[in-house]
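Chemist: After the sequence you'll find the predicted model.
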Amino acid sequence: MGEYVGTVVTDGRVLLGGDFENPNALTVIPREIRVNGETLRSDERTNQIRALVHTALERGRSPEVLPPQREQFLGIYQALAEQQPHVVSIHYLGSLDGAAREARVCRQLMQPLQQIDVYEAKTLEGGLEFVIKTAQALAQEGASATQLLALLRYLEPHMLTFLLTPGAIKPQPWNIIPGSARLRSMMPSTETLWHFDPKQRKLVVVQQGDQLTKRLGEILQHGWGKLRYEAVVRYRGYSQEQLEQLSNSLQTAGLPEPPRLEPVIATFLPCLPPRFIELLLLPTATDVARLRGLVQDPIWWKGAA
């Protein structure tokens, strides 16, 4: 098997947690964030940025992540090139952000000095963090860049991303939604469940109705079968009672363990309104360990070739 000689790169649009196995193996390209009229870099005063974004979202205002700057992306890749001739750059889909497009431009500019493979994660914020963590774990197992990309693509159909929002509105940058629609989205009587469809590369409506948190497990079981996953519920603005209803619904539908609840203080993703639940159905720790084992399995690679 080829030894992984590169590094994993992403950009500052995703707010990463602090529980990475080896944060030094991850390079994060800074992004500029405009919030409350102030422009800040995502790698500076991180706690202050989170607090400012939290306050802005409480007031119904999304932060503005400025378009990625090619010079900044190129500078990071150039700084890595001598020690890391082969990098894998992981970003949101191009429909959500422009980072992947800039990374592809840099890929052309850096040849033959450096090889940059660009991977667009077909998921939302929590899902992208999971993909990055998995990529790091595979890299530490010695996966080559080619193997890493193949394993991430193999992983895609085994992780599901759902978004639950109050109201019956189409997700779009929050700051352009009319005030009346914003008001309707705060009403608890109607909710919309979305699925991030990897084939269509966008959020699609699954169902709209009342109190979907109580019926979510039944809805997912009907559409996606038995829930043999590890569930993560990232939430903002939902009550403890609603979260308990959701958890009970998922376990009634066959989820082996209660979902892991993660409150979201701040987000840079404009399709997420001030109140939302991002539900991730992910491979279990056993599944990920098996995936890591494939790195050294020549039989699997022969079949996957």
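Modeler: Yep, that arrived. Because the structure is predicted, anything quoted here is derived from the model rather than measured. Numbers count the residues shown, from 1 in each chain.

Chemist: Show me the shaky parts of the stretch 151-300 of the chain.
Modeler: Scanning the stretch 151-300 of the chain for pLDDT under 70 picks out 168-189, 299-300.

Chemist: Helix, strand or coil: sort out Glu71 for me.
Modeler: Judged by DSSP: H, G, I helix; E, B strand; the rest coil, the three-state class of Glu71 is helix.

Chemist: Distance check, it against Tyr77.
Modeler: 11 Å (C-beta to C-beta, to the nearest Å). Yep, even glycine has a C-beta here, placed from its N, CA and C like the rest.

Chemist: Which of the two has more residues huddled nearby?
Modeler: Using other C-beta atoms under 10 Å as the criterion, Glu71 and Tyr77 rank with Tyr77 on top: 22 against 10.

Chemist: If you average the pLDDT over the helix or strand Leu57 falls within, what comes out?
Modeler: Using DSSP states H and E, Leu57 maps to helix 46-58. Averaging pLDDT along helix 46-58 yields 81.

Chemist: ok, and what's touching the helix or strand following that helix?
Modeler: As assigned by DSSP H and E, the chain's next helix or strand after helix 46-58 is strand 64-65. For strand 64-65, contacts defined as C-beta atoms under 8 Å, 6 or more residues apart in numbering pick out Arg13, Arg31, Glu32, Ile33, Arg34, Val35, Asp97, Asn175, Phe268, Pro270.

Chemist: Tell me the spatial nearest neighbour of the second one, not counting adjacent residues.
Modeler: Meaning Arg31. In this structure, Arg31 finds its nearest non-sequential neighbour in Gly12, 3.9 Å apart by C-beta to C-beta, 6 or more residues apart in numbering.

Chemist: follow-up on the earlier one: separate out the buried members of the contacts of strand 64-65.
Modeler: Buried subset of the contacts of strand 64-65 (neighbour count, 16 or more other C-beta atoms under 10 Å): Arg13, Arg31, Glu32, Ile33, Val35, Asp97, Phe268, Pro270.

Chemist: Which members of those residues are positioned in strands?
Modeler: With strands taken from DSSP state E, the overlap with those comprises Glu32, Ile33, Val35.

Chemist: how close does Pro166 sit to Gly98?
Modeler: 29 Å.

Chemist: Have a look at those two and say which one is more surrounded.
Modeler: Pro166 (22 against 17).

Chemist: who's that one bridged to?
Modeler: Counting by DSSP bridges, Pro166 forms beta bridges with Glu191.

Chemist: So that it lines up with my notes, have the first residue be 876 from now on.
Modeler: Sure, I'll start numbering at 876, so the last one becomes Pro1041.

Chemist: can I assume it is in contact with Pro1149?
Modeler: No - between Pro1041 and Pro1149 there is no contact under C-beta atoms under 8 Å: 9.3 Å.

Chemist: Could you chop this structure up by domain?
Modeler: 883-906+943-1031, 1035-1157 (automatic domain parsing).

Chemist: Tell me the gap between the helix holding Leu932 and the middle of its chain.
Modeler: Offset of helix 921-933 from its chain centre (C-alpha atoms, centre = their mean, to the nearest Å): 19 Å.

Chemist: ok, and what's touching it?
Modeler: Outside helix 921-933, the residues that reach it (C-beta under 8 Å, 6+ apart) are 890, 908, 910-911, 913, 915, 917, 937-938, 1111, 1140-1143, 1149.
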